[in-house]
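**Student:** Okay, sequence plus prediction incoming.
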Amino acid sequence: MSSVIPFVLVAASLSSAAVFASEPIQPIPPIKEINLAQVELGKKLYFDPRLSKSGFISCNSCHNLSMGGTDNLKTSIGHKWQQGPINSPTVLNSSMNLAQFWDGRAKDLKEQAGGPIANPGEMAFTHGLAIDVLTSIPAYVTEFKQVFGSEKVNIDMVTQAIAEFEKTLVTPNSRFDQWLLGDKDAITATELAGYTLFKESGCVACHNGPAVGGSSFQKMGVVEPYKTSNSAVGLSAVTGKDADRFVFKVPTLRNVEMTYPYFHDGEGANLTEAVDIMGRLQLGKNYTEKENASIVAFLKTLTGDQPSFLMPILPASTAMTPPPKPFD
């Protein structure tokens with residue numbers, strides 16, 4: 001049985017259901033259709049640094065589950081201490097995204113999971129070598145056979161298991177969810193005023209639904225151009241269309257107080273700065289200090305229950321080889 005702690009979303013009454021049905025943001029729904037055996041295997045793989053060339057970088061290195069599913073760096077650090085080109089988006093609630101990565105180049109979590117392993121600037125391995133490592137560890141071979149019913153391990157199984165684990169990384173029961181479900185004392189008057197302003201300003205045009213984002217691509221810098229030295233061009237890297245330059249996947253605002261710094265380049269140092277920039281560049285709004293503070297207060301109500309589970313004990317390697325040098 002999985003050690004991931006499941007949650008049960010309490011069924012809303014008819015009256016509370018009517019409340020959130022009329023709102024642009026909805027509570028996070030219960031997890032559905034989870035393969036618990038794959039989840040357990042995927043959890044081990046998510047935390048296993050042996051999927052990297054150096055033996056020191058795991059999925060959790062850049063998507064740290066104790067840090068809101070990010071690394072809290074402007075751009076992530078990869079193999080041989082390379083500074084990556086883009087901010088690490090949160091893995092929490094990522095199953096609700098319409099696509100993965102800022103530029104949407106992966107259609108789902110499974111496709112995304114294979115990218116960093118083979119990226120020379122991230123984990124810097126190859127899929128073939130990663131499989132060689134896993135098949136050299138008897139306990140992994142046994143578990144893969146139990147989970148997938150095959151003697152042979154392949155990268156498709158690896159990414160499927162990691163994706164299945166990531167599907168469990170949802171954060172329900174935020175104070176705002178409680179408010180949506182009918183508890184009018186779950187948020188303060190200031191927080192409610194911030195949400196009202198958030199709606200009236202038009203923020204909900206992009207930040208809506210259960211994930212409060214993640215469901216569309218939008219241009220960064222609509223009213224005013226966004227100035228950055230970051231080389232990421234966004235969706236145009238996928239489509240090849242010049243019109244898609246600086247168009248990025250809208251990030252989720254769930255747990256946003258934990259996932260600083262902000263934007264694809266990490267140049268938004270804190271929520272106050274991020275709200276100011278988004279107001280001016282996307283909406284043409286110059287928020288007063290009080291207005292800004294109320295929106296920030298609302299955003300902090302979106303922090304939900306963080307994933308809770310027993311840390312996996314990684315299968316021991318039987319190889320009689322010296323440990324790798326850091327980032328060799």
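**Tutor:** On my side now, so go ahead.

**Student:** Tell me, how many residues neighbour Asn286?
**Tutor:** Residues lying near Asn286 (other Cβ atoms under 10 Å) number 10. The C-beta positions use only the backbone N, C-alpha and C, and glycine is treated the same way.

**Student:** Return the distance of it relative to Glu224.
**Tutor:** Remark: distance between Asn286 and Glu224 (Cβ to Cβ, to the nearest Å) = 11 Å.

**Student:** what touches both of those two?
**Tutor:** Common neighbours of Asn286 and Glu224, using Cβ atoms under 8 Å, 6 or more residues apart in numbering, are Arg280.

**Student:** Residue ranges in the stretch 51-200 of the chain under the pLDDT threshold?
**Tutor:** Scanning the stretch 51-200 of the chain for pLDDT under 70 picks out nothing.

**Student:** Asn64 - nearest residue in space that isn't next to it in sequence?
**Tutor:** If the residues on either side of it in the chain are set aside, Asn64 comes closest to Asp71, at 5.7 Å by Cβ to Cβ, 6 or more residues apart in numbering.

**Student:** Equivalent analysis for Thr190, please.
**Tutor:** Ala297 (5.1 Å).

**Student:** Look up how far Asp183 lies from that neighbour.
**Tutor:** Per Cβ to Cβ, Ala297 is found 17 Å from Asp183.

**Student:** circling back: residue contacts, the residue nearest to Asn64?
**Tutor:** Counting by Cβ under 8 Å, 6+ apart, Asp71 makes contact with Ser61, Cys62, His63, Asn64, Ile77, Ser88.

**Student:** make it 7 Å
**Tutor:** Listed by Cβ atoms under 7 Å, 6 or more residues apart in numbering, the contact partners of Asp71 are Cys62, Asn64, Ser88.

**Student:** okay if I get the residues you listed as a markdown table plus neighbour count?
**Tutor:** What follows is the contacts of Asp71, written out as a markdown table (neighbours: other Cβ atoms under 10 Å):
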| residue | neighbour count |
| --- | --- |
| Cys62 | 23 |
| Asn64 | 17 |
| Ser88 | 25 |
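
**Student:** among the residues you listed, which are in strands?
**Tutor:** Taking DSSP state E, every one of those sits outside strands.

**Student:** any idea which of those is the one closest to Lys152?
**Tutor:** Nearest to Lys152, judged by Cβ to Cβ, of the contacts of Asp71 is Cys62 at 29.2 Å.

**Student:** which ones are touching that closest one?
**Tutor:** Taking Cβ under 7 Å, 6+ apart, one finds Asp71, Ser76, Ser88 in contact with Cys62.

**Student:** Now, the contacts of Asp71 that are in helices?
**Tutor:** Residues of the contacts of Asp71 located in helices (DSSP state H): Cys62.

**Student:** ok, so of the contacts of Asp71, who is nearest Phe101?
**Tutor:** Nearest member of the contacts of Asp71 to Phe101, counting by Cβ to Cβ, is Ser88, at 10.4 Å.

**Student:** thought the closest one was touching Thr70?
**Tutor:** Yes - contact criterion Cβ atoms under 7 Å: Ser88 and Thr70 qualify, at 5.2 Å.

**Student:** Common neighbours of these two, please.
**Tutor:** His63.

**Student:** picking that back up, looking at Ala297 and Asp183, which is more packed in?
**Tutor:** Set Ala297 next to Asp183 and count neighbours by other Cβ under 10 Å: Ala297 wins out with 19 against 12.

**Student:** can you list the residues that contact the helix or strand harbouring that one?
**Tutor:** Using DSSP states H and E, Ala297 sits in helix 289-300. Helix 289-300 is touched from outside by 190-191, 193-195, 197-198, 253, 256-257, 271-272, 275-276, with contacts defined as Cβ under 7 Å, 6+ apart.

**Student:** Counting neighbours, which bits of stretch 132-145 end up buried?
**Tutor:** Neighbour counts using 16 or more other Cβ atoms under 10 Å place Val133, Leu134, Ile137, Tyr140, Val141, Glu143, Phe144 of stretch 132-145 among the buried residues.

**Student:** Can you give the distance from that stretch to the centre of its chain?
**Tutor:** 28 Å (Cα atoms, centre = their mean, to the nearest Å).

**Student:** Tell me the span between the first and last residue of it.
**Tutor:** 15 Å (Cα to Cα, to the nearest Å).

**Student:** Run through the strands of the chain in chain order.
**Tutor:** Applying DSSP E to the chain gives strands spanning 217-219, 247-249.

**Student:** who wins for proximity to Pro116 among those?
**Tutor:** When the strands of the chain are compared by Cβ to Cβ, strand 247-249 sits nearest Pro116, at 16.8 Å.

**Student:** pLDDT of the closest one, averaged?
**Tutor:** Strand 247-249 shows a mean pLDDT of 98.
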